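[1] I would like to see how this sequence folds:
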Amino acid sequence: MGNFENTMYLTKTRFKALKFKKRNFILYGVIMSLILLCAIGIGVIGVTSKYPDDLRTFTNIVVTIETIIIGVFCIVMNVWIFRMEKDTKIIKNEQHYGYNSRSIFLSRLIESLAWVVLILVSIIIINLIFAAGFGAFNNVSLYKSYLIALGWFAIMAIMATALTILFTTFASIIWSTLSTVLLVIVLAIFPAIGSINAIPSSQDDFDQYQNILRYQNTSKLYPALKSDKYTKIYDNWEGFIMYSSWEEKTFGWQEKWMNPNSEFDLSEIRNFYITFDSIFRNNESEFEKFKYTDIQNFYNKNAADKVNAEPIRKLLKQVSKMDTGNYKELISILEDVFSDDDLSWGMRYYDPYGDTGSYDNKITWESMAKDRKATPAMVMFYQVFVNAMNNVIEDISEISHATPEQLENIKKSSYISELANNTKKRAFYNPFTQFNLMFSGVDYKNELGSNTLASQDSAFSAVPIMKMNKLPTTDNPEDWKDIKGVRVVKTEGLYVGYLVLNGLIIFASYWIFKKQIQK
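    Here you go, the predicted model:
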């Protein structure tokens, strides 16, 4: 038989013999049990945690643990396949029956890769099930842990396989196992090292990088607010917010705000409030599932800067089903802005106590709402809208009132974006940066939000890779249209590059393997 036929026949024989190798399946079962526990832990913490920063840190650590678990599986399996079978003379027996070194090596490589594929497919199935069950498609941290991390798992599994095959060609079972496990652990923490130099020395620069997401959200809403339908709401909003406290704005319209001597025209703002007051009060049964406890920070003043967007998404979805008249476009934009947990404007302003400085107890706050006949859904909706309006005004003001020097500083620092450009340079030569990029992966669903959020993590923070496609310089709505984040690093190329590198390691290992078994 030729080399190919020899290889295929030996491979077929090896797969038939797997039924006698119970330890392989026991190892697979143990590893999958650990992966399952990790998946459950991520999901449970994900749906119960009120602190997104802590959740992201937890999920990053668990993904690292999963990486090491997968690496250990690949290492042990390859030590058994390549080194142990050499030490127990199985390879000698195959040579005795006429198989050449190429067939012996390739048949083992095929079996090794089959185990890698099996473990990865099993993880994909588990993660997809848990992603659907725990709502990962609307949660950045869970989405990364269950779905984006799959690419990282795959490249690390291939890397562990290649390194183990290399080490087993010249080291004993114990030394090849220990050295490769240690190396995989070191490689698994490379992403954390890669983020160290990426953090800017200026906190202002870092804050500006985080604000790219705010500008993108403002780009969605501001041009709509300046259209003929809504311009009276926007143009008179700053005057409106002077009339009352934060709390009052979230309880519905009050006629006392209509001051006939005011220079501001609040008629359209009044129409907006009356429309939605009517929607919430005339459709209470449609909104009865929303409770005061759904309102962020209602009971937890220590979580004032944390946001869980899930109740907001559900509320806006329910509101969109109502007859909102001319405000349908606004509701649609708000749904888009709050489409992901942790990515909304709410992170910055969502504090019901902010204007008063008073942290009254929940009874006082709830009784105030009830006295105004404001339902929980109404309070939450107006908080969302007031936050959005305030954020748009602040962002527009920051640019329109900036001096030429300030605009130039903004442009140099982050918005168009020095941080991302520095990452692009390091990605060519720095392995720590490369591993950080592969660990962070690519979020095709929300690249900008995912990266700006992950770049502030306390552990395994993502290196900045996004820049704005343009920097608005005026308050002209046309200047603010179509602002979006652009990824400057093609992470996919790193996966391909490291796949090729590991292929070369395996190819080199074959020649060492060939010399070793011919001795």
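[2] and this protein, what are its domains?
    3-188+493-517, 203-207+404-429+441-490, 216-400 (automatic domain parsing).
[3] just the buried positions in stretch 41-51, please.
    Buried residues in stretch 41-51, counted by 16 or more other Cβ atoms under 10 Å: 42, 43, 45, 46, 47, 49. Every C-beta, even on glycine, is put in place using the N, C-alpha and C of the backbone.
[4] what's the answer for stretch 251-258, then?
    Quick answer for stretch 251-258 (16+ other Cβ under 10 Å): 251, 252, 253, 257.
[5] hmm, who's touching that stretch?
    Here stretch 251-258 makes contact (Cβ atoms under 8 Å, 6 or more residues apart in numbering) with 240, 243-244, 248, 266, 270, 273-274, 277, 368-369, 372-374, 378-379, 382.
[6] between the two ends of it, how far is it?
    Its first and final residues considered, stretch 251-258 spans 16 Å by Cα to Cα, to the nearest Å.
[7] and the helix or strand harbouring residue 369, what's its mean pLDDT?
    Secondary structure assignment for residue 369, by DSSP states H and E: helix 362-371. Averaging the model's pLDDT scores along helix 362-371 yields 69.
[8] quick one: residue 505 is in a helix?
    Yes: assessed with DSSP: H, G, I helix; E, B strand; the rest coil, residue 505 lies in a helix.
[9] skipping its backbone neighbours, what lies nearest it in space?
    residue 162 (4.2 Å; Cβ to Cβ, 6 or more residues apart in numbering).
[10] right, and the one you found touches residue 510 too?
    No: using Cβ atoms under 8 Å, residue 162 is not in contact with residue 510; the gap is 11.3 Å.
[11] these two: which has the busier surroundings?
    For residue 162 versus residue 510, neighbours defined as other Cβ atoms under 10 Å are more numerous around residue 162 (25 against 17).
[12] my read: residue 325 touches residue 272, true?
    No: Residue 325 is not in contact with residue 272 according to Cβ under 8 Å; the separation is 9.9 Å.
[13] the more surrounded of the two?
    Set residue 325 next to residue 272 and count neighbours by other Cβ under 10 Å: residue 272 wins out with 22 against 10.
[14] give the contact list for that one.
    233, 327.
[15] who does the longest helix belonging to the chain touch, helix- and strand-wise?
    Taking DSSP state H as the criterion, the chain has its longest helix at helix 101-133. In terms of contacts (3 or more Cβ pairs under 8 Å, 6 or more residues apart in numbering; DSSP states H and E), helix 101-133 is packed against helix 3-17, helix 22-48, helix 52-78, helix 90-96, helix 149-168, helix 491-517.
[16] related to what we said a few turns ago, ok, the buried residues of stretch 41-51 vs residue 188, which is closest?
    The nearest member of the buried residues of stretch 41-51 to residue 188, counting by Cβ to Cβ, is residue 42 at 16.7 Å.
[17] list the contacts of that closest one.
    58, 59, 62, 130, 134, 142, 145, 146.
[18] show me how to select, in ChimeraX, the buried members of the contacts of stretch 251-258.
    Selection of the buried residues among those in ChimeraX, burial being defined by 16+ other Cβ under 10 Å:
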select :240,243,248,266,270,273,277,368,369,372,374,378,379,382
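[19] how about residues contacting stretch 84-101?
    With contact meaning Cβ under 8 Å, 6+ apart, stretch 84-101 is reached by 3, 6, 10, 104, 108, 168, 173, 510, 513-514, 516-518.
[20] next one: stretch 392-409
    Here stretch 392-409 has contacts from 214-215, 218, 221-222, 225, 234, 237-238, 410, 471-475, 480, using Cβ under 8 Å, 6+ apart.
[21] distance between the ends of that stretch?
    Length of stretch 392-409, first residue to last, Cα to Cα: 21 Å.
[22] after whichever strand or helix holds residue 224 comes which helix or strand?
    Residue 224 belongs to helix 212-225 when assigned by DSSP H and E. For helix 212-225, the succeeding helix or strand toward the C-terminus, using DSSP H and E, is helix 231-235.
[23] packing partners of that following helix?
    With contacts taken as 3+ Cβ pairs under 8 Å, 6+ apart, helix 231-235 sits against helix 212-225, helix 267-282, helix 376-400.
[24] just the C-alpha atoms of the shortest one, please, in CSV.
    Just to be clear, that refers to helix 212-225. The C-alpha coordinates for helix 212-225 follow below in CSV (Å, rounded to 0.1, in the frame of the first residue of the first chain):
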residue,chain,number,x,y,z
ILE,A,212,-16.9,57.2,21.7
LEU,A,213,-20.0,55.1,22.5
ARG,A,214,-21.8,58.2,23.9
TYR,A,215,-21.1,60.1,20.7
GLN,A,216,-22.4,57.2,18.6
ASN,A,217,-25.6,57.1,20.6
THR,A,218,-26.0,60.9,20.3
SER,A,219,-25.5,60.5,16.5
LYS,A,220,-28.5,58.3,16.5
LEU,A,221,-30.8,60.7,18.4
TYR,A,222,-29.7,64.3,17.8
PRO,A,223,-30.5,64.5,14.1
ALA,A,224,-33.9,63.1,14.8
LEU,A,225,-34.5,65.6,17.6
